[in-house]
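Trainee: coords please:
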Amino acid sequence: MANNLDSNVTTADALTLLLHNQHALAAAIEEVTKWLSENGGETVAENAVGAIETIDRNAEAISDAIMRLRLL
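Mentor: Coordinates of the predicted model:
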């Protein structure tokens, strides 16, 4: 039983780090999107917003998985 718990904690820790990276990437994309919008790149900015929306949706699923692992 302890090995399964250790495995869950390790997996949750790794997912947490990936989630932090995902948030950092989203923030960077938001900055680039803002710059593009202000400098005539509206179409590219719209595409970037779509990417951010995908990151946000996936971040929710990753967060849920982390919580389930930590509760086991």
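Trainee: Got the confidence number for the residue nearest the centre of the chain?
Mentor: The centre of the chain sits closest to Gln22, judged by Cα atoms, centre = their mean, with a distance of 3.2 Å. Looking at Gln22, its pLDDT reads 93.
Trainee: give me every residue that touches it.
Mentor: Ile55, Asn58, Ala59, Ile62 (Cβ atoms under 8 Å, 6 or more residues apart in numbering). Any C-beta I mention is one placed from the backbone N, CA and C, and that applies to glycine too.
Trainee: any idea how far Ser7 is from it?
Mentor: 22 Å (Cβ to Cβ, to the nearest Å).
Trainee: What of His23?
Mentor: 25 Å.
Trainee: With Asn58 instead?
Mentor: 23 Å.
Trainee: And the next helix or strand past the helix or strand where Asn8 lies?
Mentor: Using DSSP states H and E, Asn8 maps to helix 2-38. Past helix 2-38, further along toward the C-terminus, the next helix or strand under DSSP H and E is helix 42-71.
Trainee: which helices and strands does that following helix pack with?
Mentor: Applying 3 or more Cβ pairs under 8 Å, 6 or more residues apart in numbering; DSSP states H and E, we find helix 42-71 packed against helix 2-38.
Trainee: For stretch 65-72, could you pull out the residues that count as buried?
Mentor: Ile66, Leu69 (16 or more other Cβ atoms under 10 Å).
Trainee: I'm done for today, thanks for sticking with me.
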